[in-house]
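Asks: Whatever this is, show me its structure:
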Amino acid sequence: MKIAIPTNDKKGLEDTVAEHFGRAKNFLIYDTETKTSNIYPNPEAAGESQLPPDFLHSQGVDAIVVFSLGPMAYNKFKNYHIKMYKAIPGSVSENIKKLEKGNLGGLAKEDIF
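Replies: Numbers count the residues shown, from 1 in each chain. Next up, the predicted model:
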């Protein structure tokens, strides 16, 4: 499974989850099978026309871990069948561990605005 997490730095798994998905500088994509990760710039934050959900879909992402989403991003992920999980404060690696253990819940209605 490929998991995408928005970040603002390039500290890899020790980076913190960005509070705002659409304004994050980067996306870390972690592959649970190979235990590897790559960092990609957020195309929208870099001034490109591609939207983050479309970019992440093109990278083969199966799930995202975020604090919240706007309705357009939420609907795009839903249409792409990409699972959406609620992030916890802390590092990317802490969120990945919780997700792999089944300890992260999905986004609630109040997380979509």
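Asks: does the most centrally placed residue in the chain belong to a helix or a strand, and which?
Replies: With distances taken as CA atoms, centre = their mean, residue 5 lies nearest the centre of the chain, 2.9 Å away. Per DSSP states H and E, residue 5 falls inside strand 2-7.
Asks: what does residue 57 give?
Replies: Going by DSSP H and E, residue 57 is in helix 52-58.
Asks: and what of residue 96?
Replies: With DSSP H and E as the criterion, residue 96 is inside helix 92-100.
Asks: ok, residue 76 to residue 36 distance?
Replies: 26 Å (CB to CB, to the nearest Å). (Glycine included, C-beta is placed from N, CA and C.)
Asks: re earlier: so what does the helix holding residue 96 touch, helix or strand wise?
Replies: Packing partners of helix 92-100 (3 or more CB pairs under 8 Å, 6 or more residues apart in numbering; DSSP states H and E): strand 2-7, strand 26-31, strand 63-66.
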